[in-house]
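> below are the sequence and a predicted model; questions follow.
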Amino acid sequence: MLINKNYRKKSELETIFHTLPDLYFRVDIEGTILDYQANIIADLYVPPEELLNKRFQEILPPEVGQKISQTIREVHKTGNLMSVEYALPLEKGVQYFEARILSLLTDQVAVIVRNITDSKQAEQALKESKETAEIANQAKNTFLANMSHELRTPLNGILGYAQLLKQDRTLTAKQREFVLIMESSGEHLLTLLNDILDISKIDAGRMELEINEINFAHFIKTITDIFQIQAQQKGILFTYEQETPLPDMVHGDEKRLRQILINLLGNAVKFTTEGSVAFKVGQYQDMFRFEVQDTGTGINKDELQTIFAPFQQATIGKSFIDGIGLGLAITKNLVTMMDGTIHVTSELGVGSQFWIEIPLPVSENWAEFALLEQTTVMGYEGSVRKVLIIDDKWENRLILDNILTPLGFELHEAFDGQEGIIKAQETHPDLILMDLVMPVMDGYEATKKLRELEDTDSASNKVIIIAVSASAFDEDRQQSLAVGCNDFITKPYPVEILLKKIQEYLQISWIYEESGEIGDADNKITPPPPETIDMLFNLVIRGKIRDVRKQLTELSLLDEGRYHLFVDKIAKLAKSYKLKEIRHFLNQYR
């Protein structure tokens, strides 16, 4: 309660003064106590009978009393309300007080003293709690960053060599199946790792989308391939249905969209022990609808409202279904970030249906990127380009060596940042692929020193540096760009992403494998018997791509790969559902 200085009658002032609940003093402008409230004495240093005509310097520690007296003079001078906080060591421990000082009459002020110990202690407790939470959060982030790096490094080897093996034409159909299983298992493990990292990013409000062009047909193909294999291993049927014509290329976050679909399809296959899983995709105006329907265990109606919460798992009877309980929580957050919606219906013992609707703008700029994914790059036009790989893990260097050397690049290697700087000065590379976490000197410091060594007046002399790191947090990307990297790729990465970045920054044109069209005598395509051609043609006319692939697998086993050029040609077209091109190709043999 404030006492208005416009009160003029002393009797009115005294009435108000003596009825206020806190500790009050009325003093003159020199800080001499003229009156006080009688029920205040417990927290003072002097007996109450000695308070009158005392100054605050005499009844409080000198530094506190002096500060209050100075404030009294300032209040009298300006007429403004002012406060002073101080602490006193008393018998019951340190007590905290607030003295609020306001002007009363022309020669008097009021000092209202309030014990604020409880609020100060609460404030201190809150501060300590925040500090503890920040320390714990930092420890969690450090753990997640280290875990991510340690797991992504071997995953880079697993998925990297799986991609290389898929290009080996000497593999039998069975061996190719093994490679696909290895790749799909690695992709599934990578999705689980991303889920753990993403829940941390969501909690911290640091989740961001990275919008790029997506080769949509190829994207759907890779998703269906993964779950065709998983369903086959469980002995259940997996079907894919394209409900409407789909565009070749769209704009979106491919990594996040893949994560969403792998979570939904992974749950469907996991929770289905018999029957089928159906995956349907369609475009309806500006929205894309992805539907996953299974004949699995289903979800109790009481749990449908909680399944999207982190670490929640559905129960069947008294047992928990395996899993870490993050997939659906991540999925819902990602769908929301993409301005989409997610829906679910389920019946216990019958099955579940999940569907999402997400806007994905259609892109027309797709030809070059699609070509990278659908064909094999054999080399590039122009002079030999030099690439320096700086990475402390030999297996990571070997993967890049096996990808780039066959394409005609001149490769040099270094096992830490310090050696990398020396090699860069010796070889003058066109491109450096830089790991970030290395002993002796890390990638951040190496990049910074390389930029300092460059002639800043000649931008054309600056080497392209792409960070290729198992560190997956946004901070790692931002820090790498801040020290001078041109771009950032997270391990493990698809080969076509790496090649796309190299093409973009080195401004080169790829040379692709010959198409194998009829009339190209050098390729010497051997077609299968006419009845096989007709059967394949009829399957394509009916849109039975899955059956086409099955027939191709059987053809690849005949006569030690006699028909491999024929099979590879159709397989590449089928990979992107280019039915018209397949019909045209087959027609030439009919």
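Noted; the coordinates are in hand.

> could you give the mean pLDDT of the helix ranked longest in the chain?
Taking DSSP state H as the criterion, the chain has its longest helix at helix 117-166. Per-residue pLDDT over helix 117-166 has a mean of 77.

> now it, how far from the centre of its chain.
Its chain's average C-alpha position is 13 Å from that of helix 117-166, according to Cα atoms, centre = their mean, to the nearest Å.

> can you check stretch 443-452 too?
With Cα atoms, centre = their mean, you get 26 Å for stretch 443-452.

> residues of it that come out buried?
Within stretch 443-452, the residues that count as buried by 16 or more other Cβ atoms under 10 Å are Gly443, Tyr444, Glu445, Ala446, Thr447, Lys449, Leu450. Backbone N, C-alpha and C define where each C-beta goes, glycine included.

> which strands and helices lie in contact with the helix or strand harbouring the fifth one?
Secondary structure assigned from DSSP states H and E places Thr447 in helix 443-453. For helix 443-453, the packing partners by 3 or more Cβ pairs under 8 Å, 6 or more residues apart in numbering; DSSP states H and E come out as helix 417-427, strand 431-434, strand 464-469, helix 474-483.

> could I get the pLDDT score of Leu265?
On pLDDT, Leu265 comes in at 92.

> neighbours around it, how many?
As a burial measure, Leu265 scores 23 neighbours (other Cβ atoms under 10 Å).

> distance of it from Gln228?
Leu265 sits at a distance of 10 Å from Gln228 (criterion: Cβ to Cβ, to the nearest Å).

> nearest residue to Glu454 in space, please, no chain neighbours.
Lys462 (5.4 Å; Cβ to Cβ, 6 or more residues apart in numbering).

> also Ile307?
Nearest non-adjacent residue to Ile307 (Cβ to Cβ, 6+ apart): Leu328, at 5.3 Å.

> distance of that neighbour from Thr222?
With distances taken as Cβ to Cβ, Leu328 is found 22 Å from Thr222.

> so those two - more neighbours on which side?
A count of neighbours by other Cβ under 10 Å puts Leu328 above the other of Leu328 and Thr222, at 24 against 16.

> my guess is the more buried one contacts Asn267, does it?
Yes: applying Cβ atoms under 8 Å, one finds Leu328 in contact with Asn267, separated by 7.3 Å.

> give me the helix or strand of the chain that scores worst on average pLDDT.
Sorting the helices and strands of the chain by mean pLDDT, DSSP states H and E puts strand 319-320 at the bottom, at a mean of 38.

> re the thing from before, could the buried residues of stretch 443-452 go into JSON lines alongside distance to Ile29 and pLDDT?
As requested, the buried residues of stretch 443-452 are exported to JSON lines (distance: Cβ to Cβ, whole Å; pLDDT from 0 to 100):
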{"residue": "Gly443", "distance to Ile29": "67", "pLDDT": "92"}
{"residue": "Tyr444", "distance to Ile29": "62", "pLDDT": "93"}
{"residue": "Glu445", "distance to Ile29": "63", "pLDDT": "94"}
{"residue": "Ala446", "distance to Ile29": "68", "pLDDT": "94"}
{"residue": "Thr447", "distance to Ile29": "66", "pLDDT": "94"}
{"residue": "Lys449", "distance to Ile29": "66", "pLDDT": "93"}
{"residue": "Leu450", "distance to Ile29": "69", "pLDDT": "93"}
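
> I'd like to know which of the residues you listed is nearest to Ile570.
Gly443 (43.4 Å; Cβ to Cβ).

> the stretch 251-400 of the chain: strands as residue ranges?
Applying DSSP state E, counting those that start in this stretch to the stretch 251-400 of the chain gives strands spanning 276-284, 287-294, 315-316, 319-320, 341-347, 351-359, 362-363, 377-380, 386-390.

> could you say which of these is packed most deeply?
Greatest average neighbour count among these goes to strand 386-390 (a mean of 24), per mean count of other Cβ atoms under 10 Å.

> and that strand, which strands flank it?
Applying DSSP bridges, strand 386-390 is found paired with strand 410-414 (parallel), strand 431-434 (parallel).

> and the last one, how far from the chain's centre?
Averaging C-alpha positions (Cα atoms, centre = their mean) puts strand 431-434 24 Å from its chain's average.

> which residues sit against that strand?
385-391, 400, 420, 424, 443, 446-447, 450, 463-469, 480, 485, 502, 505-506 (Cβ atoms under 8 Å, 6 or more residues apart in numbering).

> cool, the longest one as well?
With contact meaning Cβ under 8 Å, 6+ apart, strand 410-414 is reached by 384-391, 397, 400-401, 404-405, 420, 422-423, 427, 429.

> of these, buried ones?
Neighbour counting with 16+ other Cβ under 10 Å marks 385-391, 397, 400-401, 404, 420, 423, 427, 429 as buried within the contacts of strand 410-414.
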